[in-house]
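Student: here's my sequence, what's the structure:
(one chain, ligands or ions: 1)
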Amino acid sequence: MPNPTPVSAAALLSRLKAEFGPDFFSQETSELLEYGKDWTKEIPPNPLVITFPRTTGEVSQLLQICSELKCAVVPSGGRTGLAGGAVAAHQEVVLSLERMNHLSAVDPLSRTLRAQAGAVTEAVHLHCQAQGLIWPVDFASKGSSTIGGNIATNAGGVNVIRYGLTRHWVLGLQVVLASGKILELNGALEKNNTGIDLRQLFIGSEGILGVITEATLKLAPVSRPSEVFLFAAESLESVLQVFEHCRRSHFTLNAFEFFTQRCLERVKKNLNLRSPFTEESNFYVLIDLEKPGDGAGATELEAWLEALLGLSGVKDGTMAQNSHEARNLWMLREGISESLSSTGTPHKNDVSLPISQLSGFCFELEAFFQAQYPDWEICLFGHIGDGNLHINVMKPETLSREDFKVRTALVDRDLFTLVRKHQGSISAEHGIGLLKKNFLSFSRSPLEIELFRSLKKALDPGNILNPGKIFDL
Ligand SMILES: Cc1cc2nc3c(=O)[nH]c(=O)nc-3n(C[C@H](O)[C@H](O)[C@H](O)COP(=O)(O)OP(=O)(O)OC[C@H]3O[C@@H](n4cnc5c(N)ncnc54)[C@H](O)[C@@H]3O)c2cc1C
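Tutor: Numbering: from 1, shown residues only. Below is the predicted model of the structure:
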């Protein structure tokens, strides 16, 4: 969609003034800059106006006006996305959901909660905790990300291995279409076999099909206290061996994460943390599993641990003795993303592979970087139990930002070719947004992309909702 004409921009602003309260929108420079970008920070923001509806009715009214005047709208949550999905760079209207953050009382019988889309993920966690329940979507940006953004990106996180993605934890959705019409989808039903599940269409659609305004979230009982371990492993094969050892046991895994020595170095530097091990290792594995009961369970855990430490590629291991130590071990993993950005300029990629392909993929990945970019620092980490790798290429100091951008665009093409060869996905968690849209065909067939376009045209014929994200029409 082209930028709004000066006439439609002026018409929009005068309609906003006339039809909403005085604090409904802002054109303050600082707010345009803040709300026009997300965590990628790669694309300069340039929105026309930031709007702050308080109700679904206001969202509907706003979208009707934008449809009429053909003004593009960017739905905006916590803007923690890493694919540029919430970026407004072409004079769009940013629709911030931040004032729509109400949470209903938890219903302990049905284990549900109705949340407005702008509620912060961590606020939902705290709200449920008092009832002994959790919404099990959890990751490092939960203090800023929102329920609407989590749903629009079908967010994953550290607990996917146990609980699955966001789509498993949303029963009902309220969505406002580009026309302003309001859809109520699936209520609070666990079972509903009455045709196509439209709710799932909006989950993971990155704001291009409709604006999510409310959701009925499904909750789970708080899991039993966990045991947290960190192991030092020699190679990726050893990491996978440890994973197999976990899978063969009947302990419930909450998380199975890994990172490399290079990640650890940056976290230590940035967060002033210490490694629990005296010797360095190539890889580290963080395991969080549900504490088995006392007696037989504890004995079994001991035997399991002993066997694990006996695996040939496992060099060392430690078990947190209390919650403080557990938190510190988790910080070594959860602090990576932030530490890479604070100590350098990472070019981030988040891909996923079938578990069976991980080892072959990583072997070829390493060979590729060794051959083509031997001096580059590659920081590898991720939710490896779900086949999810975060591949971070750090900008060498000798390269300018511009040159780095050009070079990493070429690297991405080779990287995604490798991902396709191993039947993986070029985006495991953060969506496609703007940053990966040129590579969509590496993970989706031409027929799938044609269907995407048909759906978009059916739901948003004027192409006003997040135009240019995921694919071009
Ligand atoms: C340190 C860090 C760690 C992270 N770890 C993970 C992780 O482990 N797993 C993971 O999945 N992600 C992770 N992320 C990415 C990000 O936090 C998630 O994608 C999150 O779900 C985005 O939520 P948000 O509210 O910030 O959405 P935003 O960034 O604001 O928006 C994301 C997309 O959703 C759309 N959108 C937002 N709200 C709505 C709405 N109400 N209706 C329709 N569309 C909407 C936007 O237009 C955009 O396309 C991480 C990010 C950071 C910075």
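
Student: what about the residue nearest to residue 429 when sequence neighbours are not counted, how many neighbours?
Tutor: Among residues not flanking residue 429 along the chain, residue 156 sits closest, at 4.4 Å (CB to CB, 6 or more residues apart in numbering). Where you see a C-beta, it was placed from the backbone N, CA and C, and this is true even at glycine. By other CB atoms under 10 Å, the residues close to residue 156 number 24.

Student: which residues does residue 156 contact?
Tutor: 137, 139, 165-166, 383, 386, 388, 428-429 (CB atoms under 8 Å, 6 or more residues apart in numbering).

Student: what parts of the stretch 51-200 of the chain come near the ligand?
Tutor: Within reach of the ligand by CB under 6 Å from any ligand atom, the stretch 51-200 of the chain has these residues: 74-82, 85-86, 97, 117, 139-141, 145-146, 148-150, 152-153, 155-157.

Student: no wait, the stretch 351-473 of the chain
Tutor: When proximity is defined as CB under 6 Å from any ligand atom, the stretch 351-473 of the chain approaches the ligand at 429-430, 433, 466, 469.

Student: and residue 16, what element?
Tutor: Using DSSP states H and E, residue 16 maps to helix 6-19.

Student: mean confidence score for that helix?
Tutor: Average pLDDT, helix 6-19: 89.

Student: give me the helices and strands touching it, please.
Tutor: strand 49-51, helix 56-69 (3 or more CB pairs under 8 Å, 6 or more residues apart in numbering; DSSP states H and E).

Student: alpha carbons of that helix, as CSV, please.
Tutor: Taking Å, rounded to 0.1, in the frame of the first residue of the first chain, the C-alpha atoms of helix 6-19 are listed here in CSV:
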residue,chain,number,x,y,z
PRO,A,6,-1.3,14.5,2.4
VAL,A,7,-5.1,14.8,1.9
SER,A,8,-6.0,11.4,3.5
ALA,A,9,-3.4,12.1,6.3
ALA,A,10,-5.0,15.4,7.1
ALA,A,11,-8.5,13.9,6.8
LEU,A,12,-7.5,11.1,9.2
LEU,A,13,-6.1,13.5,11.8
SER,A,14,-9.2,15.7,11.7
ARG,A,15,-11.5,12.6,12.1
LEU,A,16,-9.4,11.4,15.1
LYS,A,17,-9.8,14.9,16.7
ALA,A,18,-13.5,15.0,16.0
GLU,A,19,-14.5,11.4,17.0
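
Student: can you show me the strands along the stretch 301-450 of the chain?
Tutor: With strands called from DSSP state E, counting those that start in this stretch, the stretch 301-450 of the chain shows them at 314-319, 346-352, 377-382, 388-394.

Student: okay if I get these as TSV plus distance to residue 250, mean neighbour count and mean pLDDT?
Tutor: Converted to TSV, the strands of the stretch 301-450 of the chain look like this (distance: least, CB to CB, whole Å; neighbours: other CB atoms under 10 Å; pLDDT from 0 to 100):
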stretch	distance to residue 250	mean neighbour count	mean pLDDT
strand 314-319	19	17	96
strand 346-352	26	22	93
strand 377-382	25	21	94
strand 388-394	24	23	95
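
Student: the residue in the stretch 101-250 of the chain that the ligand sits nearest to sits in which helix or strand?
Tutor: Closest to the ligand within the stretch 101-250 of the chain is residue 149: 2.0 Å, counting by CB to the nearest ligand atom. Using DSSP H and E, residue 149 sits in helix 147-152.

Student: returning to what we had before: now for the residues of the stretch 351-473 of the chain next to the ligand, which pair is the farthest apart?
Tutor: Farthest-apart pair in these is 429 and 466; separation 18.2 Å (CB to CB).

Student: let's verify residue 256: helix, strand, or coil?
Tutor: strand (DSSP: H, G, I helix; E, B strand; the rest coil).

Student: measure how buried it is and give me the count.
Tutor: 23.

Student: contacting residues for it?
Tutor: 161, 243, 246, 285-288, 383-385.

Student: which one in the protein is furthest away from the centre?
Tutor: residue 295 (39.0 Å; CA atoms, centre = their mean).

Student: show residues contacting stretch 21-35.
Tutor: Here stretch 21-35 has contacts from 13, 16, 45-53, 58, 76, 79, 88, 94, 96, using CB under 8 Å, 6+ apart.

Student: which stretches of this structure have low pLDDT?
Tutor: 1-4, 6-7 (pLDDT under 70).

Student: go through the chain and flag its longest helix.
Tutor: Identified as the longest helix of the chain according to DSSP state H is helix 401-421.

Student: would you mark the buried spots in that helix?
Tutor: Buried residues in helix 401-421, defined by neighbour count with 16 or more other CB atoms under 10 Å: 404, 407-408, 411-412, 415-416, 418-419.

Student: between the residues you listed, which sits nearest the ligand?
Tutor: Of all these, residue 419 has the smallest distance to the ligand: 17.4 Å, by CB to the nearest ligand atom.

Student: that closest one and residue 391: what is the separation?
Tutor: Residue 419 sits 10 Å away from residue 391, going by CB to CB, to the nearest Å.

Student: now the common contact residues for these two.
Tutor: residue 351.

Student: returning to what we had before: now, which of the residues of the stretch 51-200 of the chain next to the ligand lie within strands?
Tutor: With DSSP state E as the criterion, strands contain 74-76 from among these.

Student: could I get these as JSON lines with distance to residue 64 and neighbour count?
Tutor: Converted to JSON lines, those look like this (distance: CB to CB, whole Å; neighbours: other CB atoms under 10 Å):
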{"residue": "74", "distance to residue 64": "17", "neighbour count": "27"}
{"residue": "75", "distance to residue 64": "16", "neighbour count": "26"}
{"residue": "76", "distance to residue 64": "19", "neighbour count": "32"}
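
Student: closest one to the ligand out of these, please.
Tutor: Closest to the ligand, out of all of those and judged by CB to the nearest ligand atom, is residue 75, at 3.7 Å.

Student: quick one, what contacts that closest one?
Tutor: With CB under 8 Å, 6+ apart, residue 75 has these contacts: 86, 95, 97, 148, 152, 207, 211-212, 465-466.
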